[in-house]
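Trainee: From the sequence below, what's the structure:
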Amino acid sequence: MIKKLFGLEEHGTSVKTEVVAGITTFMTMAYILAVNPNILSAAGIPRGGVFLATAIAAIVGTLLMAFLSNYPFVLAPGMGLNAFLAFGVVLGMGYSWQFALLTVFVEGLVFLALSLTPVREGIFNSIPMSLKRAVAAGIGLFICFIALQTAKIIVKDEATFIALVNFKTIHFQTHGITALLALGGTLLTGVMLVKKWKGAILLGILATWALGMAAQALGIYVPDPPNGFFSTYPSFAIGDVVHSFKEFGATVGAVFHSGSWTHTVKGEVVGAGWSLVSSLDFFVVMFSFFFMDLFDTLGTLIGVSLKGGFLDKDGKLPRISGALCADSIATSVGAALGTSTTTTYVESAAGVAQGGKTGLTAVTAAALFALAILLAPVFLAIPGFATAPALIIVGYMMISSCADIEWHDAGEAVPAFLSITAMPFTYSISDSIMFGVISYTIINALAGNFKRIHWIMYALTAIFIAKFALM
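Mentor: Numbering: from 1, shown residues only. Below is the predicted model:
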């Protein structure tokens, strides 16, 4: 029945492959269960409530993705979008977190309305194939860059902004061993790939985690929670789970309590209730969330779909409407539960690289998110340095998209190059797309290559330039 439901034979895959792919994706993105509560709690949202809202939003969005589109994409509250809500809207602009979630809830509805029309699909299809390949390659560099930072292999540097970790000057039992374990895990995963081992990426995560636990047992790795180095051992504290459920009662549905919608400036409430909904700020914030969500989602779908071979010969993604609807519905559901924008995760590439091709991969990941609610200590114990090798290897797999870009044609290659490099350097998928679209349109228009530019590209270019001008 499962084979027929997800068309496994048609897609040339198996239950085992899909399940392993789902586990792999989940393990590379399980960090969001720990990170999202940390970020949103800074805005005053109850930490335990955010944890449950994060898990449930991921379950809902991922199951919708599986059954509306039959793609192996996994969803969860997005990084960057959560920071914008906490530090930009709440702490920066002074709005209550309930009001901030209201803007996310409305943004999801607007997103859904557009998903039911040809608009979002039209935007996806109007982007040239060279830029789609560039976005895929850029995502490869992006997730590799994230992994290198997570594992402390790349560190901040005052002179050059970033630098390779210096083992002579750092504390070896935290930074040093973390970097070495991640590098060792990457090499080990590479060897398994050369040997063509099934489930190499997942095995790499588990092996690196096991080495981390051994290092901790021997005293080579010493946890330092205040500085982000946590124990590699699971802690089965049932009280933490019970406390999360209690705090969830304060977040679920809070978005609809108009009495909690407030605007504070220098400690004084200057606005409250429904009057805030008609303010200019409401629409500015709502469209900011919408803009970031739209192009982060499109960028992820482009990159992961290209690597998974899901795009057709014309560069279009079949069943894209279902995928976009899943993303938008999950955003509004997540806001109602108490978390920031839910979006398609770039870490889905890890499952795709492992062979995931259908919604069964997504269902597997969703099931693990459900299990994580009860076994949170186990999944939260997976250290960042253990998932870093998987993301680095996936980055290598995705950068291969560069090979199909027409590098001899500057009209295609220069915008593609700008898009690729912009993603890791700006730390943004949406900014990468903006760089690519603007440069592609202007370069080819000035060169007289009007036929290769879709009219939607002109509209996007005007919108992106206006956004940069008003930033």
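Trainee: Next, count neighbours for the nearest residue to residue 222 once chain neighbours are set aside.
Mentor: Ranked by C-beta to C-beta, 6 or more residues apart in numbering and with sequence neighbours excluded, the top spatial neighbour of residue 222 is residue 173, at 4.2 Å. For the C-beta atoms, the positions are set from N, CA and C on the backbone; glycine is no exception. Summarising burial for residue 173: neighbours were counted as other C-beta atoms under 10 Å, giving 17.
Trainee: The one 5 residues further on too?
Mentor: Close neighbours of residue 178, defined as other C-beta under 10 Å, add up to 27.
Trainee: Who are the contact partners of it?
Mentor: With contacts defined as C-beta atoms under 8 Å, 6 or more residues apart in numbering, residue 178 is in contact with 151, 152, 221, 229, 383, 385.
Trainee: Looking at those, spot the one nearest residue 413.
Mentor: Proximity of these to residue 413 (C-beta to C-beta) peaks at residue 151, which lies at 32.1 Å.
Trainee: quick one: that closest one from residue 113, how far?
Mentor: Residue 151 sits 41 Å away from residue 113, taking C-beta to C-beta, to the nearest Å as the criterion.
Trainee: got the contact list for the residue most central in space within the chain?
Mentor: Taking C-alpha atoms, centre = their mean, the centroid of the chain lies closest to residue 345, which sits 3.5 Å from it. With contact taken as C-beta under 8 Å, 6+ apart, residue 345 is in contact with 25, 29, 32, 73, 74, 75, 76, 78, 300.
Trainee: switch to 6 Å and redo it
Mentor: Residues near residue 345 by C-beta atoms under 6 Å, 6 or more residues apart in numbering: 29, 74, 76.
Trainee: tell me which of those residues is nearest to residue 54?
Mentor: Residue 54 has its nearest neighbour among those in residue 76, at 6.6 Å by C-beta to C-beta.
Trainee: Look at that closest one and tell me its secondary structure.
Mentor: Per DSSP: H, G, I helix; E, B strand; the rest coil, the secondary structure class of residue 76 is strand.
Trainee: Find the nearest non-adjacent residue to it, please.
Mentor: Distances taken as C-beta to C-beta, 6+ apart put residue 58 closest to residue 76, at 4.0 Å, once the chain neighbours are dropped.
Trainee: If you count surrounding residues, which of residue 151 and residue 113 has more?
Mentor: Each of residue 151 and residue 113 has its neighbours counted (other C-beta under 10 Å); residue 151 has more, 28 against 12.
Trainee: does the more buried one really touch residue 387, like I thought?
Mentor: No: taking C-beta atoms under 6 Å as the contact criterion, residue 151 and residue 387 are not neighbours in contact, 8.9 Å apart.
Trainee: follow-up on the earlier one: pretty sure the residue nearest to residue 76 sits against residue 370.
Mentor: No: counting by C-beta under 6 Å, residue 58 sits too far from residue 370 to count as a contact (9.2 Å).
Trainee: which of the two has more neighbours?
Mentor: Taking other C-beta under 10 Å, residue 58 and residue 370 do not tie; residue 58 has more neighbours (31 against 15).
Trainee: That one: which element?
Mentor: Take DSSP states H and E as the rule and residue 58 turns out to sit in helix 47-69.
Trainee: which residues sit against that helix?
Mentor: Contact partners of helix 47-69, identified using C-beta under 6 Å, 6+ apart, comprise 33, 36-37, 40-41, 73-77, 243-244, 247-248, 250-251, 319, 322-323, 325-326, 329-330, 333-334, 337-339, 342, 359, 362-363, 365-366, 369-370, 372-373.
Trainee: what's the answer for stretch 107-122, then?
Mentor: Stretch 107-122 is touched from outside by 286, 289, 290, 320, 324, 325, 328, 331, 332, 456, with contacts defined as C-beta under 6 Å, 6+ apart.
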